[in-house]
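Chemist: Got a predicted structure here, sequence first:
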Amino acid sequence: MQTQPTEKSRSFCVLQLLAIFWVVAAISSAAQVMSPTNIFDPVSTPAKSIFGLSLFVIAVSTAIFGVVFTLLVYCVVKFRKRTSDDGREPPQVYGSNQVELAWTVIPVLIVVVLFMATARVIADVQKSPRPDDALNVIAIGHQFWWEYRYPGLGVVTANELHVPVSDPDHPSPTFIKLLSADTDHSFWVPRLAGKTDLIPNHPNSMWIDPHETGLFLGQCAQYCGTQHAKMLLRVYVQSKDDFERWVQEQRQPAIASDVVSPGQRVFETTACINCHRIAGTVANGRFGPDLTHLMSRDTIAAGAAPNTPENLRLWIRNPAAIKPGSLMPAMELNDQDLNALTTYLETLR
């Protein structure tokens, strides 16, 4: 025998729904605060524009939710079954021109407003003027790592992008030209700018003007293969003096001695030389990252592991142990050559 829900039980269900909503909202808010890729903590003009737009969209969505949820609660409470009901079916309404017009026109107007707000933000970001003193960087997406070239500075590095901080009173933005060496990728550092795709044979661009120093994390946001999730982005925003110092260090060749070490000999007589470049040596490969200043980087394998001697040795011996699906082959070196090569690479600072 089935029993009809009482008014008390229906009210309890409504309270449960409200409690679940606020718990989910609180968890989401806490996760955003703790996340290093928090879009609600922008530090660059493009990211702040996106942040403002997101608040507007959230406000509109919250208003819609409030109206719908209020009407739902009203209907649950107002038209609940009472013990005095005689079981007769209530009057049926088959169509209403006014109601149908309202639920057609109002959503269309909401969509138009959201479209116009979004289009305005996109246009403002894309049409920003480029100052003469802006830093130009070329970012090239590879499976599964990032290459950075500074054409005006003569610097080439990998996986860790360095840019100077921008003074809001005297902006000095960094303009990034985005290229792909193989398949689709997407450059996304949420606290600095919106994500922008890298399409083969279709150059794209974006810009950032970070207002504070620090390390900002990102992610390739376009599925590009087996190691897409470990194609990480690390952007180091430095003071102007620190950035100039970094540039000077990166311009120097890593090898100052004319004596070829055993490790360098291993590097230059194996397949390493076909993929990697080291300034000051005969190695001039372009398929893999430039290793001239390898040990100046905090990570290896595009952020997949800390740059320690142990991880470096493991990465050379068996890349799949750190990054399954990596295009770097296992070198199959004996222990003596492996140790010599690792020792040599540790000198590249």
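Modeler: Nice, thanks for sending it over.

Chemist: helices or strands up against the host helix or strand of residue 73?
Modeler: Assigned by DSSP states H and E, residue 73 belongs to helix 45-78. Applying 3 or more CB pairs under 8 Å, 6 or more residues apart in numbering; DSSP states H and E, one finds that helix 45-78 contacts helix 7-34, helix 97-126, strand 204-208. Backbone N, C-alpha and C define where each C-beta goes, glycine included.

Chemist: I'd like the average pLDDT over it.
Modeler: The predicted model gives helix 45-78 an average pLDDT of 92.

Chemist: Pull out the buried residues from it.
Modeler: Neighbour counts over helix 45-78 (16 or more other CB atoms under 10 Å) mark 45, 46, 47, 49, 50, 51, 53 as buried.

Chemist: If we ignore the residues flanking it in sequence, what's nearest the fifth one?
Modeler: Spatial nearest neighbour of residue 50, chain neighbours left out: residue 194 (5.1 Å); criterion: CB to CB, 6 or more residues apart in numbering.

Chemist: what's the least confident stretch among the helices and strands packed on helix 45-78?
Modeler: The weakest mean pLDDT among these belongs to helix 7-34, with a mean of 53.

Chemist: Would you confirm that residue 317 contacts residue 331?
Modeler: Yes - A contact is recorded between residue 317 and residue 331 when judged using CB atoms under 8 Å, the distance being 7.0 Å.

Chemist: Mutual contacts of the two, please.
Modeler: A shared contact of residue 317 and residue 331, defined by CB atoms under 8 Å, 6 or more residues apart in numbering, is any residue touching both; here these are residue 338.

Chemist: what about this protein, any weak spots by pLDDT?
Modeler: 1-34, 255-258 (pLDDT under 70).

Chemist: Report back the residue of it that's furthest from centre.
Modeler: Going by CA atoms, centre = their mean, the residue of the chain most distant from its centre is residue 86, 60.7 Å out.

Chemist: A strand includes it, no?
Modeler: No - inclusion of residue 86 in a strand is not indicated when DSSP: H, G, I helix; E, B strand; the rest coil is applied; the result is coil.

Chemist: Touching, residue 222 and residue 187? I think so.
Modeler: No - Residue 222 is beyond contact range of residue 187, at 9.1 Å (criterion: CB under 8 Å).

Chemist: So which of those two has more stuff around it?
Modeler: residue 187 (25 against 20; other CB atoms under 10 Å).

Chemist: separation between that one and residue 239?
Modeler: Separation of residue 187 from residue 239 (CB to CB, to the nearest Å) stands at 24 Å.

Chemist: Can you give me the domain assignment for the chain?
Modeler: As assigned by automatic domain parsing, the chain contains the domains 35-80+98-250, 262-345.

Chemist: now the last one: how far from the chain's centre is it?
Modeler: When you say that, I think you mean domain 262-345. Taking the mean of its C-alpha atoms, domain 262-345 sits 26 Å from the chain's own mean (CA atoms, centre = their mean, to the nearest Å).

Chemist: Over to stretch 132-143?
Modeler: A distance of 16 Å separates the centroid of the chain from that of stretch 132-143, by CA atoms, centre = their mean.

Chemist: count of neighbours near residue 344?
Modeler: The burial count assigned to residue 344 is 19, neighbours taken as other CB under 10 Å.

Chemist: May I ask you to confirm that it is in contact with residue 261?
Modeler: Yes - under the criterion of CB under 8 Å, residue 344 makes contact with residue 261 at 5.4 Å.

Chemist: Now do the contacts for residue 56.
Modeler: Applying CB under 8 Å, 6+ apart, the residues near residue 56 are residue 117.

Chemist: just to revisit the earlier point, name the nearest of the buried residues of helix 45-78 relative to residue 182.
Modeler: Within the buried residues of helix 45-78, distances to residue 182 taken as CB to CB reach their minimum at residue 46, with 26.4 Å.

Chemist: which residues does the closest one contact?
Modeler: Each residue near residue 46 by CB under 8 Å, 6+ apart is listed here: 125, 192, 193, 194, 206, 207, 208, 209.

Chemist: Who does the fifth one form a beta bridge with?
Modeler: Spelled out, it's residue 206. On DSSP bridges, the residues paired with residue 206 through beta bridges are residue 176.

Chemist: Am I right that it is in contact with residue 176?
Modeler: Yes - applying CB under 8 Å as the test, residue 206 and residue 176 come out as touching, 5.3 Å apart.

Chemist: Now for the two: what residues contact both?
Modeler: When CB under 8 Å, 6+ apart defines a contact, the residues bordering residue 206 and residue 176 alike are residue 187.

Chemist: still on that earlier bit, how much space is there between the residue farthest from the centre of the chain and residue 78?
Modeler: For residue 86 relative to residue 78 (CB to CB), the value is 18 Å.

Chemist: Then residue 323?
Modeler: In this view, residue 323 and residue 78 are 59 Å apart by CB to CB.

Chemist: just residue 135 next, same as before
Modeler: According to CB to CB, residue 135 stands 63 Å off from residue 78.

Chemist: Next, the contact list for residue 325, please.
Modeler: If you count contacts by CB under 8 Å, 6+ apart, residue 325 has them with 144, 225, 226, 227.

Chemist: redo that, cut-off 10 Å
Modeler: Contacts for residue 325 (CB atoms under 10 Å, 6 or more residues apart in numbering) come out as 143, 144, 225, 226, 227, 228, 230, 319.

Chemist: Spell out the secondary structure type for it.
Modeler: coil.
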